[in-house]
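Colleague: Below are the sequence and a predicted model; questions follow.
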Amino acid sequence: MADQFSDQFRLSITEALSKQLYAALCRLEPAPLTQANLDALAPQAEKLGLPGMAGVYQLFRQEPGGERQLAYVGKADEPLPKRLGNHLYKLSGREGISIEEMSFKCLFVEEDLSSVSPEKMLIKEHLKTGKVVWNNRGFGNNDTGRNRDRTKIKNTHFDLAFPIDLSRRVQGISPGAQSLHSVLWEIKRGIPFLFRFKNSAAFRTQMVTVPDRDMTADEAFRFVAQHLDGKWQICGLLGWVIMYDDSPSLYPSARRYYRSEGVFDQTPETKKPGKNDIDEEDEDGDSDE
């Protein structure tokens, strides 16, 4: 009857880490997602002896008239302030959401913890009692280049619920005569969402005159489109804007095209997620042309 006085013990390191991470975050209070609060993280990490500042974090959204809701759980192999700053930047350029609604918690962790996917541990713990509304819906994805430009978006995707705000004012665009190349880069730097465009040597010598007034992103793209030849177009997708010499090519998730002959709107195409269809959250990758 050996089975009466012996048994097998299996130590689950990941389960222990999961519960400890969850408990440690639960003890923290959310702070407003502001640049001032993010700037305060570096001195804290230095005090803790963690100069790499890798870690895990939670984003919360306070909906008008509602309770604070856990929106997203993520990790940062890069410094936490930078990753959270990317989210601040992204959310500030979206329709249907205000940055004042957002708050966060975070934990600095040792660098070797990233190999066990701590954010997936936390998501698993949270799913036991509720849900995390933006995970696996494309919120954490960075630009992966042309790979996703022609993707038909899922009807649960973050970009469909909160598309980029084309009415946002472009910051720092210089009035007067300058090259089209310079204008494109000023627009890229002056809007809180991705603008990816194909470079052309012709843009460096083509001079345009930028009006002496504030312009929204929509107005800036209309201005640029007037100076493009027929093969070029600017395409406003739900989550970012692109410019390539592929007119009149169409993109499934586009909602607006800017061409030399005019501006054309389109209803984005969507698809239902498959049974096991989960968006991969690209926390650290980035690509640009």
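Modeller: Structure received.
Colleague: C-alpha only now, for contacts and for neighbours.
Modeller: Fine.
Colleague: pretty sure residue 222 is touching residue 258, no?
Modeller: Yes: between residue 222 and residue 258 there is a contact at 6.2 Å, judged by CA atoms under 8 Å.
Colleague: For those two, indicate the residue with more neighbours.
Modeller: residue 258 (24 against 18; other CA atoms under 10 Å).
Colleague: Confirm for me that the more buried one is in contact with residue 266.
Modeller: No: Residue 258 sits out of contact with residue 266 when judged by CA under 8 Å, with a separation of 11.4 Å.
Colleague: Tell me which helix or strand comes right after the helix or strand where residue 178 lies.
Modeller: Per DSSP states H and E: residue 178 is located in strand 176-179. Downstream of strand 176-179, the next assigned helix or strand under DSSP H and E is helix 180-190.
Colleague: Where does residue 60 sit: helix, strand or coil?
Modeller: strand (DSSP: H, G, I helix; E, B strand; the rest coil).
Colleague: which residues touch it?
Modeller: 30, 68, 69, 70, 71, 72, 102, 103, 104 (CA atoms under 8 Å, 6 or more residues apart in numbering).
Colleague: quick one: buried residues of the one helix or strand the fifth one maps to?
Modeller: With elements delineated by DSSP H and E, residue 71 resides in strand 68-76, which encompasses its position. For strand 68-76, the buried set under the neighbour-count rule, 16 or more other CA atoms under 10 Å, comprises 69, 70, 71, 72, 73, 74, 75, 76.
Colleague: Show me where this structure has its helices.
Modeller: 13-26, 35-39, 41-47, 80-91, 118-127, 158-161, 180-190, 201-205, 217-225 (DSSP state H).
Colleague: Now mean pLDDT and distance to residue 143 too, for those helices, in TSV please.
Modeller: Below are the helices of the chain laid out as TSV (pLDDT from 0 to 100; distance: least, CA to CA, whole Å):
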stretch	mean pLDDT	distance to residue 143
helix 13-26	75	29
helix 35-39	94	22
helix 41-47	82	26
helix 80-91	93	12
helix 118-127	71	20
helix 158-161	93	13
helix 180-190	97	14
helix 201-205	96	23
helix 217-225	98	19
